[in-house]
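Undergrad: Okay, here's the prediction I keep looking at, along with the sequence it came from:
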Amino acid sequence: MDRILQKLDSIFGQHSATRKWAIPLLMLGFISTTSYLVGYEITVSLFLLLPVALTTWYGSYRNSIIMCLLSTFIWYLVDIGSSSGHPFNNPLAPYWNSIIRMGLFLITVQLLIQLKSSLNAEKELSRTDNLTGAMNKRGFNEVAEKMFELAARHIRPTTIAYIDLDNFKKVNDKFGHFEGDKVLQTVGDILLKSVRRSDVVGRLGGDEFSIILPETNEIGAKSTFTKLKSDLALAMKEHNWPIGFSIGVVSFDLPPARLDEAIRSADELMYHVKRHGKNDILFRHYQSDKKIPTDFRRRINTLRST
């Protein structure tokens, strides 16, 4: 059952804002028409909770209130339309029923909003590294994969960096793990404050971080990471931590659709820095078909032929 719900959520969540509004409206029309045709002996109108729930879960609060009003009004019209076969002893009954139904719809909206908020908060916590505030490996991979798929589809420049802390083990061994945690917290704070809201920062391992900058070319990458390394070095100096940073930065004019390919490129570049003195940045730019590795070239040709 969970898999079915996740699949439906995935499919419905990919619709445009117009379709997210149109689908509940179509459901509203279908349920209302069915309710009117079958008459009052078979309860169908209660299913109007479905379009209300869908609009609340996937749409805005404003749209959910509009759907509540529409559902209440149409349910009232169905009652009035079928009153010849189901007369009311009290002429105020349809109005009273409408008030109760509106209340039911509004309560449903509020409960769903609270539930969605709680689930989003829980999901965000499950994606976040408690120590640094950056995304953990799982959360980073989920978000980054979608970013690379979109960038590859629309052929937008994207930059990925892999950052490893030099001599971090020495800090742990000499000053203890508490001091090591302070190092990671400081690094996490600097990384998060140095990027845009659209960028993604993740802690992939004990002392390894990665950053993805969408819509960022080689020039933007060099400017960003040169300043970032300077800020990191200054913070380490202020705390007297013997920490350096080996950073591999890869910029793609056309990023690979697969995240692991991009991470592997940045990771290899970072290890090249490690093997040649540490505490430095190495930039690489895949500018055209000739400079892009074979596994990326196939993706380019596919995109250009469609």
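TA: Nice, I can see it.

Undergrad: V250 contacts I263, doesn't it?
TA: No. When contacts are counted by Cβ atoms under 8 Å, V250 is not listed as touching I263 (9.3 Å). The way it works is simple: take the backbone N, C-alpha and C, and place the C-beta from them, glycine included.

Undergrad: got any residues that touch both of these two?
TA: I160 (Cβ atoms under 8 Å, 6 or more residues apart in numbering).

Undergrad: So these two - more neighbours on which side?
TA: Between V250 and I263, counting by other Cβ atoms under 10 Å, V250 is the more crowded of the two (26 against 22).

Undergrad: Tell me the helices and strands packed up against the helix or strand encompassing the more buried one.
TA: Under the criterion of DSSP states H and E, V250 resides in strand 244-252. Secondary-structure packing of strand 244-252 (3 or more Cβ pairs under 8 Å, 6 or more residues apart in numbering; DSSP states H and E): strand 158-166, helix 218-238, helix 259-275, strand 281-286.

Undergrad: Could you export it as CSV, CA atoms only?
TA: Taking C-alpha atoms only, strand 244-252 is exported to CSV below (Å, rounded to 0.1, in the frame of the first residue of the first chain):
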residue,chain,number,x,y,z
GLY,A,244,43.7,22.4,5.2
PHE,A,245,41.3,21.8,2.3
SER,A,246,41.8,19.7,-0.8
ILE,A,247,39.1,20.7,-3.2
GLY,A,248,38.2,19.4,-6.7
VAL,A,249,35.8,21.6,-8.7
VAL,A,250,34.2,20.4,-11.9
SER,A,251,32.1,22.7,-14.2
PHE,A,252,29.9,21.2,-16.9
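
Undergrad: Can you list the strands that it pairs with?
TA: strand 158-166 (antiparallel), strand 281-286 (parallel) (DSSP bridges).

Undergrad: Return the member of these having the minimum mean pLDDT.
TA: For these, mean pLDDT drops lowest on strand 281-286, to a mean of 91.

Undergrad: and that one with helix 218-238, angle?
TA: Here the directions of strand 281-286 and helix 218-238 differ by 160 degrees (axes from the mean of the first three to the mean of the last three Cα atoms, to 10 degrees).

Undergrad: ok, which stretches of the stretch 101-250 of the chain are helices?
TA: 137-154, 168-175, 177-194, 218-238 (DSSP state H, counting those that start in this stretch).

Undergrad: now these in JSON lines, with mean neighbour count, mean pLDDT and distance to L269?
TA: Shown next, in JSON lines, are the helices of the stretch 101-250 of the chain (neighbours: other Cβ atoms under 10 Å; pLDDT from 0 to 100; distance: least, Cβ to Cβ, whole Å):
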{"stretch": "helix 137-154", "mean neighbour count": "17", "mean pLDDT": "88", "distance to L269": "17"}
{"stretch": "helix 168-175", "mean neighbour count": "15", "mean pLDDT": "88", "distance to L269": "19"}
{"stretch": "helix 177-194", "mean neighbour count": "16", "mean pLDDT": "93", "distance to L269": "18"}
{"stretch": "helix 218-238", "mean neighbour count": "16", "mean pLDDT": "93", "distance to L269": "12"}
